[in-house]
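Asker: give me a model of this one.
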Amino acid sequence: MNEKDVYGYELVEKVREAVDVNEGTIYPILKRLTNEGFFETYLVNSTEGPTRKYYHITAKGKKRQQEVLEEWKAFSYSVNQFMKGRE
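Answerer: Numbering: from 1, shown residues only. This is a model prediction of the structure:
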């Protein structure tokens with residue numbers, strides 16, 4: 001995720017570009033991540049419709065993001081090594 005704060009629908013669309021997932025799945029995850037302190041939220045009035053809730057990744061969230069990225073790299077490396085052995 002980039003450093004720019006994003007509002008909920010925009011974040012949902014970014015996730016959907018990468019993963020085929022239902023919008024109703026993402027919002028509960030965002031709520032949990034916010035409750036756990038990985039995101040902070042704030043409201044901004046919109047000239048194009050209702051008030052928008054923006055999400056800002058916290059220092060705790062950035063740290064966890066890095067941890068998950070490292071875990072993913074190790075996992076994907078292991079899977080790649082396994083698959084090479086099956087060729």
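Asker: select the longest helix from this protein.
Answerer: When the chain is parsed with DSSP state H, its longest helix is helix 59-86.
Asker: need phi/psi at the nearest residue to G61 once chain neighbours are set aside.
Answerer: Once flanking residues are discounted, G61 sits nearest to F38: 3.5 Å by Cβ to Cβ, 6 or more residues apart in numbering. (Each C-beta comes from the backbone N, C-alpha and C, glycine too.) For F38, the backbone dihedrals (degrees, to the nearest 10) come out as phi -80, psi -20.
Asker: look at G49 and report its pLDDT.
Answerer: G49 is assigned a pLDDT of 88 by the prediction.
Asker: could you verify that K14 is part of a helix?
Answerer: Yes - under DSSP: H, G, I helix; E, B strand; the rest coil, K14 falls within a helix.
Asker: share the number of residues neighbouring it, please.
Answerer: By other Cβ atoms under 10 Å, 14 other residues sit near K14.
Asker: count the neighbours of the nearest residue to it once chain neighbours are set aside for me.
Answerer: Nearest residue to K14, sequence neighbours excluded (Cβ to Cβ, 6+ apart): V6, at 7.1 Å. Neighbour count for V6, taken as other Cβ under 10 Å: 17.
Asker: report the beta-bridge partners for V6.
Answerer: Going by DSSP bridges, V6 is paired in beta bridges with Y55.
Asker: my read: it touches I57, true?
Answerer: No - using Cβ atoms under 8 Å, V6 makes no contact with I57, being 9.6 Å away.
Asker: for the longest helix of the chain, which positions count as buried?
Answerer: Using 16 or more other Cβ atoms under 10 Å as the test for burial, helix 59-86 gives G61, R64.
Asker: likewise for stretch 28-40?
Answerer: Residues of stretch 28-40 classed as buried: L30, L33, T34, F38, F39 (neighbour count, 16+ other Cβ under 10 Å).
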